[in-house]
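Chemist: Just to be clear, the model below is a prediction. Sequence and coordinates:
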There are 2 protein chains.
Amino acid sequence: VKLYDMNRAPNPRRVRVFLAEKGIDIPMVQIDIPSGENLAPAFTAINPRGLLPTLVLEDGTVLDETMAICRYIEAVYPDPNLFGQTPLEIAQVESWQRRCELEGMYSVGMAFRNASPFYAHRSTQGTAGQDTDQIPELVTRGKLLAERFFISLNERLGQSAYVALDRFTVADITAMITVDFARWIKVYPTPDQTDLAAWHARVSARASAKA
Amino acid sequence: VKLYDMNRAPNPRRVRVFLAEKGIDIPMVQIDIPSGENLAPAFTAINPRGLLPTLVLEDGTVLDETMAICRYIEAVYPDPNLFGQTPLEIAQVESWQRRCELEGMYSVGMAFRNASPFYAHRSTQGTAGQDTDQIPELVTRGKLLAERFFISLNERLGQSAYVALDRFTVADITAMITVDFARWIKVYPTPDQTDLAAWHARVSARASAKA
């Protein structure tokens, strides 16, 4: 088993934190996205999609969707449970994980990829995003949607100690990394979002957050 | 249990097909998205996010992410299995479901929501998308990404009878509905995408496809 990783990038960090919560250590290889190493032949020979993180299993199977990798790890190492156990827990974790990812992390990514000079002609990630010029309106749009996501996340954290359940789950991993990633586009929790700030401090204090 | 539905919309159809594959029949209420009924107070009182499909459970719990609803149903009614059983199957279904959704359906939706006059000032869905004007470049971008997705889906279906596994799963539901939804933006499988066409005919012939 080998994980192709980039240590500053948010999606690979989701897998590293997930592994740390499970107490699992696996070999990692660094691939640099800004310089385009993920799109160069040496890496696309391993993963034609050019995406990180990429997990290669013993039998050569390549998994490259962050959540598919996390679900694989959860199925092989069920403890501690990070995806919910009862039908309702499973639904709530999936629901909040998706909100954090699709309303939060994707909005931040939209603003970032459409602004950073590194991604001028590949504003969509991976080989599927070749020759996708940046769209400047998406910088403003991504920031707006990220700010709106912070409002609903703060509201949620006023009602619940953790994002999806009353305990730490994969939804907290996605949400924590979204808050950290949002600094790259200069979006921060506002001073009145105190429940969001308190939760963020709490999850960031876990040993796994350093992964 | 009650499902808030819109019969022409792709995401609600994903849940209806999923239910049909499980052989489950539940009461449904129609809500009209183009006219904005999903954002009006009568519906946002039920689901503040204004999203469809919305499943309301007996105890009043509201689930509104398509995949969270499907995972809830899978957990309560495990047969036939639609999300995979072994760790590797689970990962492959998640991986392909996400590709079909994020590269396929979202690209089609991007082109559609940024072109249709109904969505002139709500190009992002639900209440989180209030006052999001359309971005015309996203029509071209969405079509391009949908066409690229069809290329990779056709390639996959040259190697596998179904999208994720050698049997029908939730990934086939998302992919089939993406192909049907793409007609709304005039993107169709090209004549040389024969594996995609053959698979689409096969899944569309299932009784569940009419749901």
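Modeler: All right, it came through fine. Numbering: from 1, shown residues only, chains lettered A, B, ... in the order given.

Chemist: alpha carbons only for contacts and neighbour counts from here, please
Modeler: Fine.

Chemist: Report pLDDT for A:R148.
Modeler: A:R148 carries a pLDDT value of 98.

Chemist: Next SSE downstream of the helix or strand hosting it?
Modeler: Per DSSP states H and E, A:R148 falls inside helix A:137-159. Per DSSP H and E, helix A:137-159 leads on to helix A:170-182 as the next helix or strand towards the C-terminus.

Chemist: Name the residues that touch that next one?
Modeler: The contact list for helix A:170-182 (CA atoms under 8 Å, 6 or more residues apart in numbering or on different chains) reads A:10, A:13-14, A:17-18, A:82-83, A:93-94, A:96-98, A:100-101, A:104-105, A:108, A:146, A:162-164, A:188-189, A:200, A:203-204.

Chemist: re the thing from before, report whether the helix holding A:R148 contacts chain B.
Modeler: Yes - Helix A:137-159 reaches chain B (CA under 8 Å from any CA of the partner chain) through A:E137, A:R141, A:L145, A:R148, A:F149.

Chemist: mind checking the SS state of the residue in chain A sticking out farthest from the centre?
Modeler: Centroid-distance maximum for chain A: A:D59 at 26.1 Å, with CA atoms, centre = their mean. Secondary structure of A:D59, reduced to three states by DSSP: H, G, I helix; E, B strand; the rest coil: coil.

Chemist: In terms of pLDDT, where does it sit?
Modeler: So A:D59 comes in at 94 (pLDDT).

Chemist: Okay, it and A:R113: tell me how far apart.
Modeler: 34 Å (CA to CA, to the nearest Å).

Chemist: do the same with A:L19
Modeler: In terms of CA to CA, A:L19 sits 27 Å off from A:R113.

Chemist: between the two, who's got more neighbours?
Modeler: A:R113 (25 against 19; other CA atoms under 10 Å in any protein chain shown).

Chemist: Just give me the neighbour total for the nearest residue to that one once chain neighbours are set aside.
Modeler: Nearest non-adjacent residue to A:R113, counting by CA to CA, 6 or more residues apart in numbering or on different chains: A:S123, 5.1 Å away. When neighbours are counted by other CA under 10 Å, A:S123 registers 24.

Chemist: A:S123 reaches A:N114, doesn't it?
Modeler: Yes - A:S123 is within contact range of A:N114, at 5.6 Å (criterion: CA atoms under 8 Å).

Chemist: what sits in contact with each of these two?
Modeler: A:Q134.

Chemist: and the residue nearest to A:R113, what does it touch?
Modeler: Contacts of A:S123 (CA under 8 Å, 6+ apart): A:M110, A:R113, A:N114, A:G129, A:T132, A:D133, A:Q134.

Chemist: ok so, going back, can I get the residues of helix A:137-159 next to chain B in TSV including distance to A:C70 and neighbour count?
Modeler: TSV is the format used below for those (distance: CA to CA, whole Å; neighbours: other CA atoms under 10 Å in any protein chain shown):
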residue	distance to A:C70	neighbour count
A:E137	33	14
A:R141	29	19
A:L145	26	24
A:R148	27	16
A:F149	23	20
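
Chemist: now these in a markdown table, with distance to B:C70?
Modeler: Putting those into a markdown table (distance: CA to CA, whole Å) gives the following:
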| residue | distance to B:C70 |
| --- | --- |
| A:E137 | 34 |
| A:R141 | 30 |
| A:L145 | 26 |
| A:R148 | 26 |
| A:F149 | 24 |
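
Chemist: who's in contact with A:L52?
Modeler: By CA under 8 Å, 6+ apart, the residues touching A:L52 are A:Y4, A:D5, A:M6, A:N11, A:P12, A:N38, A:D64.

Chemist: out of these, who's near chain B?
Modeler: Checking the contacts of A:L52 against chain B by CA under 8 Å from any CA, the ones in range are A:D64.

Chemist: Ranking by neighbours, what's the top pick from the contacts of A:L52?
Modeler: Neighbour-wise, these (other CA under 10 Å) top out at A:N38, 26 neighbours.

Chemist: Report all helices and strands that the helix holding A:R148 contacts.
Modeler: Where contact means 3 or more CA pairs under 8 Å, 6 or more residues apart in numbering or on different chains; DSSP states H and E, helix A:137-159 is packed against helix A:106-113, helix A:194-204.

Chemist: which of the ones you listed is buried the deepest?
Modeler: Counting by mean count of other CA atoms under 10 Å in any protein chain shown, helix A:106-113 has the highest mean neighbour count of the helices and strands packed on helix A:137-159, with a mean of 25.
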